[in-house]
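1. everything below, folded, please.
(4 chains)
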There are 2 protein chains.
Amino acid sequence: MDVDETRVALLDAAEALFYERGIQAVGIDEVRAVSGVSLKRLYQVFPAKRQLVEAYLLRRDGSWRARLAGYVEDHPENAIPAVFGWLREWFAEPGFRGCAFVNSFGELGSVEPGVADVVRAHHAAVREFLAGLVADLDVTDHDALADQLWLLLVGSSTGAAITGDPSMADRARDAAEVLVNVATSGKPRSL
Amino acid sequence: MDVDETRVALLDAAEALFYERGIQAVGIDEVRAVSGVSLKRLYQVFPAKRQLVEAYLLRRDGSWRARLAGYVEDHPENAIPAVFGWLREWFAEPGFRGCAFVNSFGELGSVEPGVADVVRAHHAAVREFLAGLVADLDVTDHDALADQLWLLLVGSSTGAAITGDPSMADRARDAAEVLVNVATSGKPRSL
DNA sequence: CGATGCAGAGAACGTGCGTTCTCTGGGTAC
DNA sequence: GTACCCAGAGAACGCACGTTCTCTGCATCG
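-> This is a model prediction of the structure:
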């Protein structure tokens, strides 16, 4: 098992545990047990828990946005509704517990600046992704529309986690379609 | 100092500390120091930290919703925009760090069922409050509109915390007005 | 076959923290 | 004045956990 495999095994274990139970509730020893990596090797790769936490968030940022972007690319004619279609699938996954970044921010945002930075960067990137989707629309204020879609995305993630109801994605999608339709001053696209 | 005063002093200290830094990052001893209550008396009133945490959330649920409801009552002709007007004021308060319930849910929701219950109850009550505001509107699906307003409220709270930008409330308010206008099939109210 | 080095297992260490215990001092009743 | 009670201060306890250290066994190399 070389260093890269070790990293992957550690991050897989860390992601499963941290996302499910929160970061402070999970001990290093549990990450070691689940990953099957020895403590010595763990500390060679991540000299402190803080670095494991940040690596977990950074990797999840990449994979989450790649999954979203991939799904949207498969639905090019309906990109904005597709965002919420993908969210619905995500919300319905077993073990869904909201946005890992929102959760980490609430838990550690004020006490671990590194965590806060990664969270802000993730959400800025998501907002940029949405801005790209509205860039071609004929609207007067692209930023406002992108912000509003982002609020619906964030709100539905958190709302679905608290209520346990994946259909929050449908509510958000309906709202998004209304906002897009109104902003494009009534040129209906698909619905 | 009788029991009620002690309770208030403890909850004041707990609320300030837990909200600012997260629950697990704050030790009982710090609550004691800030409140000025002796450890013995603290444990007479709250026999375990769990109970202090739940009492903190319950009291904040009441005061937060009372503040919102009070502000909305002062703006009866524009109740729904007023919700977001109040949010804007809240977001701009020094020390604003998002919704205490969302933060607590992310930190402890999967490991402390009592916390998860209080968070769900809080958000259900907020959603009911919004449902009351749309109840008199001439729309076909009151539930859908109330859900959408709730998503905007939750999204803007979280979004404002992460970005540090109180104007997220304005973005949410604009979206809410569009949704209300469209749902009332184009009977414009104020804007 | 013997010596060396390295990796894993897990014991050990230090600290922080939730909770409980002890001691002390002052106020009150007789 | 003396005995008793109670509250506060903070020491003590037990445990959990992040981090480091030690020991053991095996593989590699001469």
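2. ok, the residue of chain A found nearest DNA strand C - contacts?
-> Residue of chain A nearest DNA strand C, by CB to the nearest atom of the strand: residue A:38 (3.5 Å). (Each C-beta comes from the backbone N, C-alpha and C, glycine too.) Residue A:38 sits next to residue A:32 when contact means CB atoms under 8 Å, 6 or more residues apart in numbering or on different chains.
3. point out the residues in chain A that sit beside DNA strand D.
-> A:24-29, A:39-40, A:43, A:47-50 (CB under 7 Å from any atom of the strand).
4. buried ones only from these, please, as a PyMOL command.
-> A single PyMOL command is used to select the members of the residues of chain A next to DNA strand D judged buried by 16 or more other CB atoms under 10 Å in any protein chain shown:
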select buried, chain A and resi 24+25+26+49
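5. between the residues of chain A next to DNA strand D, which sits nearest residue B:139?
-> residue A:25 (42.6 Å; CB to CB).
6. now do the closest one against residue A:119, distance only.
-> The gap separating residue A:25 from residue A:119 is 18 Å, by CB to CB, to the nearest Å.
7. do residue A:108 as well
-> Residue A:108 is 9 Å from residue A:119, where distance means CB to CB.
8. all the helices of chain A, residue numbers only.
-> A:3-21, A:28-35, A:39-45, A:49-73, A:79-92, A:100-108, A:113-134, A:142-163, A:168-183 (DSSP state H).
9. can you give me how far the last one is from the chain middle?
-> Read that as helix A:168-183. 20 Å (CA atoms, centre = their mean, to the nearest Å).
10. is it anywhere near chain B?
-> Yes. Counting by CB under 8 Å from any CB of the partner chain, chain B is contacted by helix A:168-183 at A:168, A:171-172, A:174-175, A:178-179, A:182.
11. which residues does the nearest residue to residue A:108 once chain neighbours are set aside contact?
-> Of all residues not flanking residue A:108 in the chain, residue A:115 sits nearest, at 4.5 Å (CB to CB, 6 or more residues apart in numbering or on different chains). Listed by CB under 8 Å, 6+ apart, the contact partners of residue A:115 are A:53-54, A:57, A:104-105, A:108-109.
12. looking at the residues you listed, spot the one nearest DNA strand D.
-> Using CB to the nearest atom of the strand, the contacts of residue A:115 come closest to DNA strand D at residue A:53, 9.8 Å.
13. the closest one and residue A:14: what is the separation?
-> 8 Å.
14. and the two? which has more neighbours close in?
-> residue A:14 (27 against 22; other CB atoms under 10 Å in any protein chain shown).
15. can I assume the more buried one is in contact with residue A:52?
-> Yes. Counting by CB atoms under 8 Å, residue A:14 touches residue A:52, with 5.5 Å between them.
16. overlap in contacts, those two.
-> residue A:31.
17. most neighbours out of the contacts of residue A:115, which is it?
-> residue A:105 (29 neighbours).
18. contacts only, for it.
-> Applying CB under 8 Å, 6+ apart, the residues contacting residue A:105 are A:115-116, A:119, B:98, B:103, B:106, B:161-162.
19. can we see that at 7 Å?
-> Listed by CB atoms under 7 Å, 6 or more residues apart in numbering or on different chains, the contact set of residue A:105 reads A:116, A:119, B:162.
20. hang on, residue A:84 packs against residue A:172?
-> Yes. Taking contacts as CB atoms under 7 Å, residue A:84 lies within contact range of residue A:172: 5.3 Å.
21. of these two, which one has the most company?
-> Legend: neighbour count by other CB under 10 Å for residue A:84 and residue A:172, higher for residue A:172 (29 against 23).
22. do you know how far the residue nearest to residue A:30 when sequence neighbours are not counted is from residue A:31?
-> Nearest residue to residue A:30 in three dimensions, chain neighbours excluded: residue A:17, at 6.0 Å (CB to CB, 6+ apart). For residue A:17, the distance to residue A:31 equals 6 Å [CB to CB].
23. more neighbours, those two?
-> residue A:31 (26 against 20).
24. got a list of what the more buried one touches?
-> By CB under 7 Å, 6+ apart, the neighbours of residue A:31 are A:10, A:13-14, A:17.
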